[in-house]
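>>> Turn this into a model:
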Amino acid sequence: MASSSRFPVPNAFELLREQYAKRLPADLQDLTGPTHGSVDLPLHVAWSGRRSYDMEQPRSRMSLYRTVLTEGQRQDLVAFLNRDLLLGQWPVLRTLISRPLRDAWETAFPELSAARSVPAA
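Predicted coordinates for the structure are as follows:
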């Protein structure tokens, strides 16, 4: 059955980007999550596999951020992500997440687009 031009079928990229955009915090300043220690994610965020992360280990921290960005709701983003760490990790982190997710964040927060060319800390 062909789609009618009166009812265009939205593409998957736009649908996913919209879903991610709905979860975004109002401002990156709202991201006041931990910068040190161990972080245990709730089951609704880390529903498959690893749930505990060491913020002192760069790879562990990157994995935590990737999981929270992908699976977290707005309250999880605010609780588990830290603005300064997100900006510092963004040049690498943006290559580890999906295009719709990356586009939603970079469209909403121009400072992330600016940070993408800065070497990761």
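>>> quick one: pLDDT of residue 48?
pLDDT, residue 48: 79.
>>> biggest helix in the chain by residues?
The longest helix of the chain (DSSP state H) is helix 58-71.
>>> Tell me the gap between that helix and the middle of its chain.
Between the centre of helix 58-71 and the centre of its chain there are 8 Å (Cα atoms, centre = their mean, to the nearest Å).
>>> and the helix or strand following it, what does it pack onto?
The helix or strand immediately downstream of helix 58-71 is helix 74-80, counting by DSSP states H and E. Counting contacts by 3 or more Cβ pairs under 8 Å, 6 or more residues apart in numbering; DSSP states H and E, helix 74-80 is packed against helix 58-71. The way it works is simple: take the backbone N, C-alpha and C, and place the C-beta from them, glycine included.
>>> contacts for the helix it packs on?
Outside helix 58-71, the residues that touch it by Cβ atoms under 8 Å, 6 or more residues apart in numbering are 39, 41, 44-47, 50, 53-55, 76-77, 80-81, 85-86, 89, 92-93, 96-98, 101, 105.
>>> mean confidence score for that helix?
Per-residue scores along helix 58-71 average to 96.
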